[in-house]
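J.: turn this into a model:
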Amino acid sequence: MNSVLIDDIRKNHLLVKQLTYEYRQSDSLLQKKSSGAVAKALSPAYYTKLVSEIKQLDQLVSTLSSFVQTNFKLEVRVNETGSINYDLIKVVFIRNFDRVYRDGQLKPMSELVNQLQNILPFAEYMHDVHLYSYKFKLCNCEVHATITLEDIEDIFERPFVAPRALQQWHEAMRSFDDYARNHYTCSRYFPVVEGELVEEGALYSLTQREVLGGN
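T.: Prediction:
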């Protein structure tokens, strides 16, 4: 896939400003996007550097996909020499909760929190969290984080989840799930400060459904 991406960049004379990787866990699909400005001429050294950087990014994304075991989108900036800025990596982790046992019974909230175990080591670098419901129950969440390559590698080597964080997520998700029972769909946004969800400033978005009767 590297060669295809680079070939497209060469063909379009693209001075890359941003690379976006989107990973889907269900079928291990990885989609790569490049965006930037058209340049009249780019040196061979630029492409050589970019190829090297993309190989490193591919390795990072491969390791991250194995570690978090969930969907995510990752964005990095690229400078004019083809170097990636690894001091500002934006990641959105997307977890679609497996809510139901085979017998049709809903799983307890503790099991849903356990499905986030591989995301919560990134808590220190999160800045907001979005919970979503569908058909009156919690269905997924999005976790937005900004982090450096060095910090990601530290998490790979020494993952840690504070017991307080587990308890807080359990309470927030249970409270949201209780609220969702009265709304066909709804969402809630939480700011995150120093790894903790902040109730003050959290926002709700609601949707109700009804059938209009004709005359």
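J.: buried stuff in the longest helix along the chain?
T.: Ranked by number of residues, the top helix in the chain under DSSP state H is helix 44-68. If you call a residue buried by 16 or more other C-beta atoms under 10 Å, then helix 44-68 has these buried ones: 46, 49-50, 53-54, 57-58, 60-61, 64-65, 67-68. Just so you know, the C-beta spots here come from the backbone N, C-alpha and C atoms, and that holds for glycine as well.
J.: ok, now stretch 87-97?
T.: In stretch 87-97, counting by 16+ other C-beta under 10 Å, buried: 89-95, 97.
J.: how far does the helix or strand following the longest helix of the chain sit from its chain's centre?
T.: The helix or strand immediately downstream of helix 44-68 is strand 71-77, counting by DSSP states H and E. Put simply, strand 71-77 sits 7 Å off its chain's centre (C-alpha atoms, centre = their mean, to the nearest Å).
J.: packing partners of the longest helix of the chain?
T.: Here helix 44-68 is seen to pack against helix 2-11, strand 14-24, strand 71-77, helix 149-157 when contacts are counted using 3 or more C-beta pairs under 8 Å, 6 or more residues apart in numbering; DSSP states H and E.
J.: quick one: that helix to chain centroid distance?
T.: Worked out by C-alpha atoms, centre = their mean, helix 44-68 lies 18 Å from the chain centre.
J.: returning to that earlier point: adding pLDDT, write the buried residues of stretch 87-97 out as CSV.
T.: Output for those, formatted as CSV (pLDDT from 0 to 100):
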residue, pLDDT
89, 98
90, 98
91, 98
92, 98
93, 98
94, 97
95, 96
97, 92
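J.: give the contact list for residue 74.
T.: Contacts here follow C-beta atoms under 8 Å, 6 or more residues apart in numbering; on that basis residue 74 touches 20-23, 61, 64, 89-92.
J.: follow-up on the earlier one: quick one, the longest helix of the chain and helix 149-157 angle?
T.: Relative orientation of helix 44-68 versus helix 149-157 (axes from the mean of the first three to the mean of the last three C-alpha atoms, to 10 degrees): 30 degrees.
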